[in-house]
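Undergrad: After the sequence you'll find the predicted model.
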Amino acid sequence: MTKTLFAKTALIISSAMLFLLMFTVVVSSYYISDTNDKASAEELSSLMVLTAKTYATLPEGARREFVQKLKQDNQLILGHGDERLARRANVPSYYRVVAKMISAKLRSPVGVAQQLGKENRYWIDIKLDGQLVRLGIGKPKPMLPMPVMAIAIMLAIALVAIFASLYLMKRITRPLEEMAIAAQTIGRGQKPEPLEESGLQEFSDTAMAFNQMSRDVHDLLENRTILLSGISHDIRTPLTRLALVTEMLPKETDDELQGELRNVHRDIERIVAQYLSLTRSLDTSDTESIVFSELLNDVIAELTFETNQKVILSGDENVVITTSTYALRAVVVNILSNALRYGAGRPVEMCWQSVGDSLEISILDRGPGIPDAQKEAIFQPFYRLEGSRNVTTGGTGLGLAIVNQIARQYDWKIEVRDRIGGGTEVIVVVF
């Protein structure tokens, strides 16, 4: 998932937005908190200066009532001057700021200290006209609430930006996904549904060009099939004449020459038959229900008619698959004939099983095997392995290329493995 353009872009945008949101919240919270702290300290320092001045000017009899009211209304406490203070205790910055503001207002030094035994009680000593007025904070400074509204607004902005970006990226990547699917369909030799030629100018132009390319490729493939079929049929006539001429040669004609002519005729006939089989196999509309064991028995009888090689079968005889008979037969014939030809004369095993709606076929031989570096190349036309698969074996080099073309057309899977104990295993999954 994370390998897709949409997923990676969504991850980057979401991460960036969340980081920006967190950064904004932290900075905004710090700024708002700092501003509120300064405003609160300014208000408290003004109140304490006013309280100290008022207390200093009151007559002795009115001070007790003032002290009670002061404590009740403002949570300020008037000290007696004999409180035990922790001079070396770490005073919070807020109270130090309040003391500095009071000192600036009175233009005289102001002390601040924590009371021993009471962690949340801080005293500020103010000197007025030779009098010491000690004011204490009766309760700890309340924590200011977080700016919830600001956080909510920033969160909403971030979410809107994220969803808008994801929507835009989906609009951008969806045509690319559809184009990738269409390209895969073309790669299988099929004609995809035309892409929608609308939307943004760049996408519509690309879709128009892609649709035109798809039509051109489809026409090219159809012309190729028609050309192969026509040439293969046309070659049949001179081949028949060649066979007749070979048989009508005078008896004194060199036997080696006659044998060579027959071999040439046989090889050309085999190539033509393979091309005709390919053109019929590529017609995906020609499908029917096939009992695989019956098709396999016919193929084995055809391939082992003139040999003593054995094919060991293992599978459910009642398995039925719905597909093209020509395509399935061509695949089995070409792979099995290779296994028989290069299997060092030892029995070839064929196993099959139904897996859901698909048919899995395994063909195993005991030949020399195929090097890993050449397991892909063997599906190229006229490709031959060195040594074990040379021209003397009688192969045309087209069998596996035809198998590959059919598999791509029908979206079947083919895998070539090394067989345990030596040899090759070819697995075909028919859908």
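TA: Structure's in. What do you need? Numbers count the residues shown, from 1 in each chain.
Undergrad: Which parts of the stretch 51-200 of the chain are strands?
TA: With strands called from DSSP state E, counting those that start in this stretch, the stretch 51-200 of the chain shows them at 76-78, 85-86, 111-115, 122-128, 131-137.
Undergrad: Compare those strands and give me the one nearest residue 309.
TA: The closest of the strands of the stretch 51-200 of the chain to residue 309 is strand 111-115. By CB to CB, the value is 101.6 Å. For every residue, glycine as well, the C-beta is placed using N, CA and C.
Undergrad: Could you list every helix and strand that the closest one packs against?
TA: strand 85-86, helix 93-106, strand 122-128 (3 or more CB pairs under 8 Å, 6 or more residues apart in numbering; DSSP states H and E).
Undergrad: Turn the strands of the stretch 51-200 of the chain into CSV, including distance to residue 12 and mean pLDDT.
TA: Putting those into CSV (distance: least, CB to CB, whole Å; pLDDT from 0 to 100) gives the following:
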stretch, distance to residue 12, mean pLDDT
strand 76-78, 54, 82
strand 85-86, 53, 84
strand 111-115, 50, 87
strand 122-128, 49, 87
strand 131-137, 49, 85
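Undergrad: Can you lay out the ones you listed as a markdown table showing mean neighbour count?
TA: Shown next, in a markdown table, are the strands of the stretch 51-200 of the chain (neighbours: other CB atoms under 10 Å):
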| stretch | mean neighbour count |
| --- | --- |
| strand 76-78 | 19 |
| strand 85-86 | 16 |
| strand 111-115 | 19 |
| strand 122-128 | 20 |
| strand 131-137 | 18 |
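Undergrad: got those as JSON lines, with distance to residue 366 columns?
TA: Converted to JSON lines, the strands of the stretch 51-200 of the chain look like this (distance: least, CB to CB, whole Å):
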{"stretch": "strand 76-78", "distance to residue 366": "101"}
{"stretch": "strand 85-86", "distance to residue 366": "94"}
{"stretch": "strand 111-115", "distance to residue 366": "93"}
{"stretch": "strand 122-128", "distance to residue 366": "94"}
{"stretch": "strand 131-137", "distance to residue 366": "95"}
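Undergrad: looking at those, which is closest to residue 93?
TA: strand 111-115 (10.9 Å).
Undergrad: What about the closest residue to residue 414 other than its chain neighbours, how many residues nearby?
TA: Distances taken as CB to CB, 6 or more residues apart in numbering put residue 407 closest to residue 414, at 5.1 Å, once the chain neighbours are dropped. Residues lying near residue 407 (other CB atoms under 10 Å) number 19.
Undergrad: I figured residue 407 was touching residue 430, is that so?
TA: No: counting by CB atoms under 8 Å, residue 407 stays clear of residue 430, with 9.1 Å between them.
Undergrad: where do the contact lists of those two overlap?
TA: residue 331 (CB atoms under 8 Å, 6 or more residues apart in numbering).
Undergrad: and stretch 324-331, how far from the chain's centre?
TA: The chain centre lies 35 Å from the centre of stretch 324-331; the measure is CA atoms, centre = their mean, to the nearest Å.
Undergrad: how about the helices of the chain, start to end?
TA: 5-57, 60-74, 93-106, 148-187, 201-247, 255-281, 292-303, 325-341, 399-410 (DSSP state H).
Undergrad: got the contact list for the second one?
TA: Right, helix 60-74. By CB under 8 Å, 6+ apart, helix 60-74 touches 47, 51, 54-55, 58, 76-78, 138.
Undergrad: any idea of the angle it forms with helix 5-57?
TA: Interaxial angle, helix 60-74 versus helix 5-57 (axes from the mean of the first three to the mean of the last three CA atoms, to 10 degrees): 170 degrees.
Undergrad: So what's the model's average confidence on helix 60-74?
TA: Helix 60-74 comes out with an average pLDDT of 77.
Undergrad: Pull out the buried residues from it.
TA: 67, 70 (16 or more other CB atoms under 10 Å).
Undergrad: angle of that helix against strand 131-137?
TA: 20 degrees.
Undergrad: Equivalent analysis for the first one, please.
TA: Interaxial angle, helix 5-57 versus strand 131-137 (the same axes, to 10 degrees): 150 degrees.
Undergrad: Who are the packing partners of helix 5-57?
TA: Judged by 3+ CB pairs under 8 Å, 6+ apart, the packing partners of helix 5-57 are helix 60-74, strand 76-78, helix 93-106, strand 122-128, strand 131-137, helix 148-187.
Undergrad: Packing partners of the longest one?
TA: Identification of packing neighbours for helix 148-187 by 3+ CB pairs under 8 Å, 6+ apart yields helix 5-57, helix 201-247.
Undergrad: got it, and the fifth one?
TA: Strand 131-137 is packed against helix 5-57, strand 76-78, strand 122-128, with contacts defined by 3+ CB pairs under 8 Å, 6+ apart.
Undergrad: Quick one: closest of those to residue 363.
TA: helix 5-57 (39.9 Å).
Undergrad: Show the average pLDDT along the closest one.
TA: On average, helix 5-57 scores 77.
Undergrad: One more: stretch 190-210?
TA: 83.
Undergrad: and it, which residues are buried?
TA: So, applying 16+ other CB under 10 Å, buried residues of stretch 190-210: 190, 192, 195, 203, 206-207, 210.
Undergrad: Can you find the helix or strand of this structure with the lowest average pLDDT?
TA: In the chain, no helix or strand scores lower on mean pLDDT, DSSP states H and E than helix 255-281, which sits at a mean of 72.
Undergrad: Who is residue 358 paired with across the strands?
TA: Partner residues in beta bridges with residue 358, using DSSP bridges, are residue 355.
Undergrad: before we move on, back to that, redo the helices of the chain as TSV? Include distance to residue 130.
TA: Putting the helices of the chain into TSV (distance: least, CB to CB, whole Å) gives the following:
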stretch	distance to residue 130
helix 5-57	10
helix 60-74	16
helix 93-106	13
helix 148-187	48
helix 201-247	85
helix 255-281	115
helix 292-303	115
helix 325-341	113
helix 399-410	105
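Undergrad: can you tell me which of the ones you listed comes nearest to residue 128?
TA: Closest among the helices of the chain, using CB to CB: helix 5-57, at 4.6 Å.
Undergrad: centre of the chain versus that closest one, how much separation?
TA: 41 Å.
Undergrad: how much does it deviate in direction from helix 148-187?
TA: With the same axes, to 10 degrees defining the directions, helix 5-57 sits at 170 degrees from helix 148-187.
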